[in-house]
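**Q** next one to model:
(chains A and B)
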Amino acid sequence: MTAFVVVSVIKVFVVFGAVLGTVLFTIWLERKIVARMQSRYGPNRWGPFGLFTSLADGVKLFFKEQVSPRGIDKAAYVAAPVLALIPAFLAFAVIPFGEHVTLFGQTVTLEVTDLNVGLLWVIAMGSLAVYGVVLAGWASGSKYPLLGGIRSSAQMISYEIALSLSLVPVVVWAGTLSLREIVEAQIGTFGTIGWLPGPVQWIGHLIPKWYVVFQLPAFLLFMAAGVAETNRAPFDLPEAETELVAGYHTEYSGIKFAMFFLAEYVHIITISAVAVIMFLGGWDGPHLPFLPWMWPLMNFMGKTFTLVFLFIWLRATLPRIRYDKLMVLGWKGLIPMALGWLVVSATILTVKDAYFG
Amino acid sequence: MIDASVFLLAAALALGSGVAMVLVRNAVHAALFLVASQLALAVLFLIQGAFFIAALQIIVYAGAIMVLFVFVVMLLGVDKRESLIEPLRFQREIGVGLGVLLIVAALYLGVGTSFAVADLPDSAGPRSTEGNVEAVARELFTHWALPFEITSVLLIVAVVGTMVLAKRRLRS
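**A** Numbering: from 1, shown residues only, chains lettered A, B, ... in the order given. The predicted structure is shown next:
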């Protein structure tokens, strides 16, 4: 019991620190990649390749004066950045990022807790993330933030539906809501495929059993909805600077602004990690004989950062979409497609179980 | 020990924010206190081992319904003077009377009844190995299938009704 509590507390701190560090790295990565895609240098002053720029920015924001306008609703104005940050971090409580590690005679699973409804927990935390943005917009007592807040609440509610629906086919296939069990169902390859002609049967050994193979439409839907859910370009309407100054966080400065910024990047990493777990086999991948505990972790991080890179790439490439088009895409495009794909994949599963055992 | 302290904390939070929701003047603040109350209820479900219900509590109530509440309150910009005009006469008196009646009824039912864990069906019991999702789904789609379907019909009727009303206003 005591050991469990101690291990849990340590895990909470380690995951918190790791996520924070990953966020700082991601911010640097984004600035560097976007700069390179636009033929600029990007940050290059602090540390090698400007690696410490985010850290310096964080320290700077921490000590900056916090300017707040007169018409604010004080309580909500202070609470909003905190409410944005807490769900973002809480979602990481159920994300498994590796198998087990044995340290000092204790077998430690590489996640804070294995909830048997882990996926629902992540979705629940995503749905709470709306409050920070909406409250910030309302409490600022100013027009642009209010417009940004209203936009974001409509956008995040709409795309949450598509996001959740795109995950349902995977849940149906895996038959569980536990993220760890979903990953475990994807480990390995298809092996020898019996119904193929003899000489090419071995090709199954090269194809991993990741859900992305048969659930590619669900994966694409999830990523599209994920970009909108995290308020990222080309769906960053809540903070469209050409229309709304900075949207919901226009009136925030100093550490409060930093918290919104942090929450956004934690959400990107969460969405990427969930996509890796649901579709890309989690920590499944190449294993080499030495350092056995490291490879799952490396696989997981490699895949996650590949998806983070995709987010950044999208931002550097695509122009912002118009607001009404965004809503049309969400309600008339993604949601019907997600529902349709759910029916199709449930049918495939039923037929497979009925006729092929 | 840990369970008891978490329960006391969450229960106090749920009740406290419930009271604060009624007392507070600002409509948005009231909605936020209601959210806090819902989240505290979710924690209560969690310590009972009902993870699935807790997650649903957060997703449906705190995450969807209350967001719409806040959204509407913000969008309509409820006027502070408006709350003092009462369209129903004796509204407060009736409200207090019904509230007292509810408390009396709850006490009457609550005192002398033991809400022991054993009263629940085995599969839905706390910390069951099967997992809450299967247990809830089985109960919902076998024993409670008819109420469940009727509720969904009710919701669809409400949605369609809203759309009809909204369309009519647009045309005139």
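
**Q** could you see whether chain B lies near the helix or strand encompassing residue A:255?
**A** Taking DSSP states H and E as the criterion, residue A:255 maps to helix A:254-279. No - if you take CB under 8 Å from any CB of the partner chain as the test, helix A:254-279 misses chain B, and the best it gets is 14.7 Å. To be clear about C-beta, it is placed using only N, CA and C from the backbone, and glycine gets the same treatment.

**Q** just checking, next helix/strand downstream of that helix?
**A** Following helix A:254-279 toward the C-terminus (DSSP H and E): helix A:294-317.

**Q** can you spell out which helices and strands pack onto that following helix?
**A** helix A:2-37, helix A:216-229, helix A:254-279 (3 or more CB pairs under 8 Å, 6 or more residues apart in numbering or on different chains; DSSP states H and E).

**Q** okay, buried residues for the helix or strand following the shortest one please.
**A** Read that as helix A:216-229. Next in sequence after helix A:216-229, counting helices and strands by DSSP H and E, comes helix A:241-244. Neighbour-count burial for helix A:241-244, counted by 16 or more other CB atoms under 10 Å in any protein chain shown, picks out residue A:244.

**Q** show me what from the stretch 101-250 of chain A comes close to chain B.
**A** Applying CB under 8 Å from any CB, one finds that the stretch 101-250 of chain A approaches chain B through A:115-117, A:120-121, A:123-128, A:130-131, A:134-135, A:137-138, A:146, A:149-150, A:153-154, A:157, A:160, A:177.

**Q** point out where the chain drops to low pLDDT.
**A** Just so you know, I chose chain A. Residue ranges of chain A with pLDDT under 70: A:1, A:102-107, A:193-196, A:238, A:240-241, A:357.

**Q** please go with chain B instead
**A** Scanning chain B for pLDDT under 70 picks out B:1, B:77-86, B:112-131, B:169-172.

**Q** show me how it divides into domains.
**A** Domain assignment for chain B, taken from automatic domain parsing, gives B:1-80, B:88-115, B:129-172.

**Q** so what's the residue count around the residue of chain B found nearest chain A?
**A** Sorted by distance to chain A under CB to the nearest CB, the residues of chain B start with residue B:63, at 2.8 Å. Using other CB atoms under 10 Å in any protein chain shown, residue B:63 has 27 other residues around it.

**Q** tell me which helix or strand the residue in the stretch 151-300 of chain A that chain B sits nearest to sits in.
**A** Closest approach between the stretch 151-300 of chain A and chain B, counting by CB to the nearest CB: residue A:153, at 5.0 Å. Taking DSSP H and E as the criterion, residue A:153 maps to helix A:143-174.

**Q** how about the residues of chain B near chain A?
**A** Residues of chain B lying near chain A (CB under 8 Å from any CB): B:26, B:28-29, B:32, B:35, B:51-52, B:55-56, B:58-59, B:62-64, B:67-68, B:70-71, B:74-75, B:131-133.

**Q** filter these down to the buried ones.
**A** B:28-29, B:32, B:35, B:51-52, B:55-56, B:58-59, B:62-64, B:67, B:70-71, B:74, B:131-133.

**Q** re earlier: which of the residues of chain B next to chain A fall in helices?
**A** Secondary structure defined by DSSP state H assigns B:28-29, B:32, B:35, B:51-52, B:55-56, B:67-68, B:70-71, B:74-75, B:132-133 of those to helices.

**Q** closest to residue B:164 among those residues?
**A** Closest approach to residue B:164 among these (CB to CB): residue B:68, at 19.4 Å.

**Q** what sits closest to the closest one if chain neighbours are left out?
**A** residue A:157 (7.4 Å; CB to CB, 6 or more residues apart in numbering or on different chains).

**Q** ok, now which ones touch the one you found?
**A** A:130, B:64, B:67-68, B:71 (CB atoms under 8 Å, 6 or more residues apart in numbering or on different chains).

**Q** quick one: contacts of stretch A:41-57?
**A** Stretch A:41-57 has contacts (CB under 8 Å, 6+ apart) with A:23-25, A:27-28, A:31-36.

**Q** ok, now with 6 Å
**A** Contact with stretch A:41-57 is made by A:24, A:27-28, A:31-32, A:35, as judged by CB atoms under 6 Å, 6 or more residues apart in numbering or on different chains.

**Q** now swap in stretch A:83-103 and tell me
**A** Contacts for stretch A:83-103 (CB under 6 Å, 6+ apart): A:15, A:19, A:107-113, A:115, A:118, A:121-122, A:125, A:128-129, A:131-132, A:179-180, A:259-260, A:263, A:266-267, A:270, A:273, A:283, A:293, A:296-297, A:300.

**Q** just the buried ones from the residues you listed?
**A** Buried among the contacts of stretch A:83-103 (16+ other CB under 10 Å): A:15, A:19, A:108, A:110-112, A:115, A:118, A:121-122, A:125, A:128-129, A:131-132, A:179-180, A:259-260, A:263, A:266-267, A:270, A:273, A:283, A:296-297, A:300.

**Q** can you give me the helices in chain B?
**A** Taking DSSP H, the helices of chain B run over residues B:2-23, B:27-47, B:51-56, B:66-76, B:91-110, B:132-138, B:145-171.

**Q** burial count for the nearest residue to residue A:221 once chain neighbours are set aside?
**A** Spatial nearest neighbour of residue A:221, chain neighbours left out: residue A:166 (3.9 Å); criterion: CB to CB, 6+ apart. Using other CB under 10 Å, residue A:166 has 29 other residues around it.

**Q** mind listing what residue A:166 touches?
**A** Residue A:166 touches A:218, A:221-222, A:338, counting by CB under 6 Å, 6+ apart.

**Q** quick one: buried ones out of those residues?
**A** Among these, those classed as buried by 16+ other CB under 10 Å are A:218, A:221-222, A:338.
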